[in-house]
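Colleague: Turn this into a structure:
(chains A, B, C and D)
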Amino acid sequence: MRWIITTIIFFIFWTPNLKAQFVPEGSYKMAGFLERMYEPRKTVISGDTLHYRPRWVFPRHIKVQYAGSVGFISVGAGYHLWDVYEPTLSYGLLNEALGGSNVTVHTISLKNSFFLTQKPWFDHFWPKAGLQINWGNTNNTFSSLPAHYPEKYYFQNKVHAAPFWGGEWYQPLKDKHLTGWGIYFEFSALDAYLLEAIRTDYVTMLDVWSLAVGFTFYFH
Amino acid sequence: MRWIITTIIFFIFWTPNLKAQFVPEGSYKMAGFLERMYEPRKTVISGDTLHYRPRWVFPRHIKVQYAGSVGFISVGAGYHLWDVYEPTLSYGLLNEALGGSNVTVHTISLKNSFFLTQKPWFDHFWPKAGLQINWGNTNNTFSSLPAHYPEKYYFQNKVHAAPFWGGEWYQPLKDKHLTGWGIYFEFSALDAYLLEAIRTDYVTMLDVWSLAVGFTFYFH
Amino acid sequence: MNTIHTVGSIIAFSLLATGCNNIIEYSPYQSGTGELPQNLNEKTINRLEQESSAKFKSFRIAIIGDSHTYYDDFRDQIKALNAIDSIDFVIHNGDITLSGIHREFMWFNDIVSELKYPMLTIIGNHDFLSNGDLVYQEMFGSLNFTLDYNNCRFVFFDDIIWEKNIEDPDFQWLHQVSQKNDSITHVCVVSHIPPWSDQFSMGNRYLFYKILEDNNVKLSIHGHTHSFFSGYREECEVPFLVSGDATDREIILLEIKQDTLLIDRKSF
Amino acid sequence: MNTIHTVGSIIAFSLLATGCNNIIEYSPYQSGTGELPQNLNEKTINRLEQESSAKFKSFRIAIIGDSHTYYDDFRDQIKALNAIDSIDFVIHNGDITLSGIHREFMWFNDIVSELKYPMLTIIGNHDFLSNGDLVYQEMFGSLNFTLDYNNCRFVFFDDIIWEKNIEDPDFQWLHQVSQKNDSITHVCVVSHIPPWSDQFSMGNRYLFYKILEDNNVKLSIHGHTHSFFSGYREECEVPFLVSGDATDREIILLEIKQDTLLIDRKSF
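Modeller: Sure thing, here's the model as predicted:
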């Protein structure tokens, strides 16, 4: 484990110090299918014409992530809204082959990530933080109790919220599909762990973090 | 009961034979709020401007209905799409006060109604047919079996499909909110009843129908 | 104006053809809306207990069950029952509906109204679906009840568990009303689910057997399995009788004598 | 370059501070990922059975339970146990976690690793949540097991029902291993849920009592209720001992003698 973390830290801080501009547009020729998505389309509603561009619904980025309490590996796609907000919906998998767990866990996660600065640090590093909502599907997790239980016998244990903080080292690209890519790390803390950190002296605020590392690819 | 049905039949066939045009537009001055909903608005998505009219999302009609296996009384709203299709989403209530049932039943129903003719019969009467999806909420109905049952112990009994046929007597109006109104009847047959009609000699195709009567109000 | 009358006639015809009986339905899940007869079991018990003799006297009953929505077979079964001479009463072992919805109770009632013998029903697990348990109670009365007839006691016991979200049957009541009493000639228990079915926990099965044995019950009568069984289970000293469903096209006749119970199966 | 090193140091510090131990977590629901010790109960049983004498000899055990996530109280409880002289072993009556998630098992293990006496745990209903039953089995071994010590038999019995979607406890196994055997001095049963709790159907409760009575069990030990109880229940001839939770800040000491069992409560 340690060598992975060390490699990542090395990687983040020693990549060449190129000038960065976040999600630059038009810096390189786009692929045909992306260009076509930027073209306006029309549809008719109640006799009116609605103009739209397919690009609006096609994701801005995809992420591939290792660990972070949402599976051994997770992949997701998302958007970039109102300048500072980056929602990403992912699916994570943990099983015998991927992560060595003797039980399979499927996790759906909505990562609500916010940019913490207006410009990147050292031209490349964007500090981010936000809240993740993780929805775990495995044995004996439930969002509402099975009918045979008395009311409120257990609290739901399927959905967990997890605040996180971290950052991403962004690298622009001259590519017809991608405007750039980034490598990120995030420390997240599950609500259940935070609760124990608050409630007990035994569990401290340093015991609750789960590290995720991953790559982001940004589309034109 | 009989007198209600008789009154309705009488009403449908003896109202004056006015010239009808289905959902006429601009025949009368609209109310301010409706007119404003027809005005185009703008919003910005990804740097693009999207033009739309609030009228697109405001329902075309509302319905108030008696009986029809979806409650003593049900109210709903819907749209008119692709000329022939009229979807209506309703909520129906049956309880002690409304219908004299010692158990309360809440029903959500999606009425998928289709016009069967291009022009009304006798200038007013539109034959219609379609499929209703009824979702009943009461005791011991479930869409998936509670966890303590073996798999497939029962078939789901919460959602029922019901084909229906009927028609509406349409009357245009000179009103600033409404373009017209209609009184309708529908005979619907729940899938469970149809199944018995097919499976057994005892239940015949004449035993399975449930009558609904109601009013529709059409907005500008 | 002729066409209008044509259309009017079509609608009027539809209304008449459907009999205007079930044509106004507020919900398939309705209950207590007054279209069904009330307290049929209670009325039958009153009638039978009046006709009953104070001392033991041999008699014969018919047993059927699990009619569900096998309406054609069930109608034939009712006709076959009417064709049999001298039955004192009929027991229906439960599952009179498929989904516990109101119209199924109406159809059941319509068919059963042709029966010339008095009939008692016990509730089945299917009759608990939707609001069926409420409709059932309106139509028949209590879910647990007893009949004393010709100095024999019949204990009708609701043993539905899963459909009540895992609720124990009222074993205390069962034990109390089945209590060995030397003045009663025979005690028979009637419940829809036989105790070896999977709705019973291991302990509830054990307890049911124990109550049957301790009270010296003569015969334990059930439905639910959709196939006939008569005889002993390994774990219990009391014999069981299980009726099949309406599609088996048979009637079980039970001859109750001073010293024995005779079981006969009659096909139709 | 100075600022880069500052940021690097912050991250490196975070990693070191968190100990890098739990910092890579694939899922709170993971199981079998190798961070936990294995088969703790089995190892303890092997050790105890080697130390055990062939004939009866008086001994003393400590009983705790329902530690859940009361970690501060639980740590004090472990310290208090260490401060007591001459305990042969400790029994934890189950609910070692709150939600059955992996990290709770790690925290439990971390605290318990300070205990100087051998400990046996029985699974609780909370330990069944998420994939807790799988983590539990990896960490401790079988859910049903026995310990023979100084010619006494301790039967550890998993009686969790609802969390297995209504599955009967293995009463046949319980009956078999508790079987009255004149060569064994005392038999004690340990299970998380006392039989009068609502997870038991009426019949399962009756059956549990019956097995305890028929096998002449000396004491039936439980947790689950979060409050201490010692004595008889109306329906059963075998006495019960129920431990409270970790916040009760007490340890139950059980002195096992040839002719009697002495129960003592020690606050800390």
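
Colleague: Tell me which residues touch the closest residue in space to residue A:204 that isn't next to it in sequence, please.
Modeller: In this structure, residue A:204 finds its nearest non-sequential neighbour in residue A:197, 6.2 Å apart by CB to CB, 6 or more residues apart in numbering or on different chains. Where you see a C-beta, it was placed from the backbone N, CA and C, and this is true even at glycine. Taking CB atoms under 8 Å, 6 or more residues apart in numbering or on different chains, we find residue A:197 in contact with A:189, A:203-205, A:207-208.

Colleague: Doesn't residue A:197 lie inside a helix?
Modeller: Yes - under DSSP: H, G, I helix; E, B strand; the rest coil, residue A:197 sits within a helix.

Colleague: So it versus residue D:232, what's the distance?
Modeller: According to CB to CB, to the nearest Å, residue A:197 and residue D:232 sit 43 Å apart.

Colleague: what about residue 119, neighbour count?
Modeller: Looking at chain A here, since you left the chain open. 10 (other CB atoms under 10 Å in any protein chain shown).

Colleague: let's do chain C instead
Modeller: 19.

Colleague: helix, strand or coil for the closest residue to it other than its chain neighbours?
Modeller: Leaving out its chain neighbours, the residue that sits closest to residue C:119 by CB to CB, 6+ apart is residue C:90, at 4.3 Å. Of the three states, residue C:90 takes strand according to three-state DSSP.

Colleague: Show the contacting residues for residue C:90.
Modeller: Residue C:90 touches C:61-64, C:81, C:115, C:117-120, counting by CB under 8 Å, 6+ apart.

Colleague: quick one on the thing from earlier: are any of the contacts of residue A:197 buried, and which?
Modeller: Neighbour-count burial (16 or more other CB atoms under 10 Å in any protein chain shown) is assigned, among the contacts of residue A:197, to A:189, A:203, A:207-208.

Colleague: of all these, which comes closest to residue B:184?
Modeller: Distance to residue B:184 across these (CB to CB) is lowest for residue A:189, with 57.9 Å.

Colleague: Help me confirm that that closest one comes into contact with residue A:211.
Modeller: No - between residue A:189 and residue A:211 there is no contact under CB atoms under 8 Å: 10.9 Å.

Colleague: Beyond whatever helix or strand residue C:104 lives in, next helix or strand please.
Modeller: Per DSSP states H and E: residue C:104 is located in helix C:102-112. Per DSSP H and E, the first helix or strand lying C-terminal to helix C:102-112 is strand C:119-121.

Colleague: now what about that next one, what contacts it?
Modeller: By CB under 8 Å, 6+ apart, strand C:119-121 touches C:40-41, C:44-45, C:89-92, C:94, C:96, C:112, C:140, C:147, C:154, C:156.

Colleague: Span of stretch A:76-93 from start to end?
Modeller: 12 Å (CA to CA, to the nearest Å).

Colleague: And stretch C:162-170, by the same measure?
Modeller: Rule used - CA to CA; the end-to-end distance of stretch C:162-170 is 14 Å.

Colleague: Tell me how many other residues surround the closest residue to residue A:116 other than its chain neighbours.
Modeller: Sequence neighbours aside, residue A:127 is the residue nearest to residue A:116 in space, at 4.3 Å (criterion: CB to CB, 6+ apart). By other CB under 10 Å, the residues close to residue A:127 number 15.

Colleague: helix or strand for residue A:127, which one?
Modeller: Using DSSP H and E, residue A:127 maps to strand A:125-137.

Colleague: packing partners for that strand?
Modeller: strand A:105-115, strand A:159-172, strand A:178-189 (3 or more CB pairs under 8 Å, 6 or more residues apart in numbering or on different chains; DSSP states H and E).

Colleague: Distance check, the residue nearest the centre of chain C against residue A:205.
Modeller: Computing the C-alpha centroid of chain C and ranking residues by CA atoms, centre = their mean puts residue C:121 first, at 2.5 Å. Distance, residue C:121 to residue A:205, by CB to CB: 65 Å.

Colleague: next one: residue C:53
Modeller: From residue C:53 to residue A:205 the distance is 84 Å (CB to CB).

Colleague: What of residue C:180?
Modeller: Per CB to CB, residue C:180 is found 69 Å from residue A:205.
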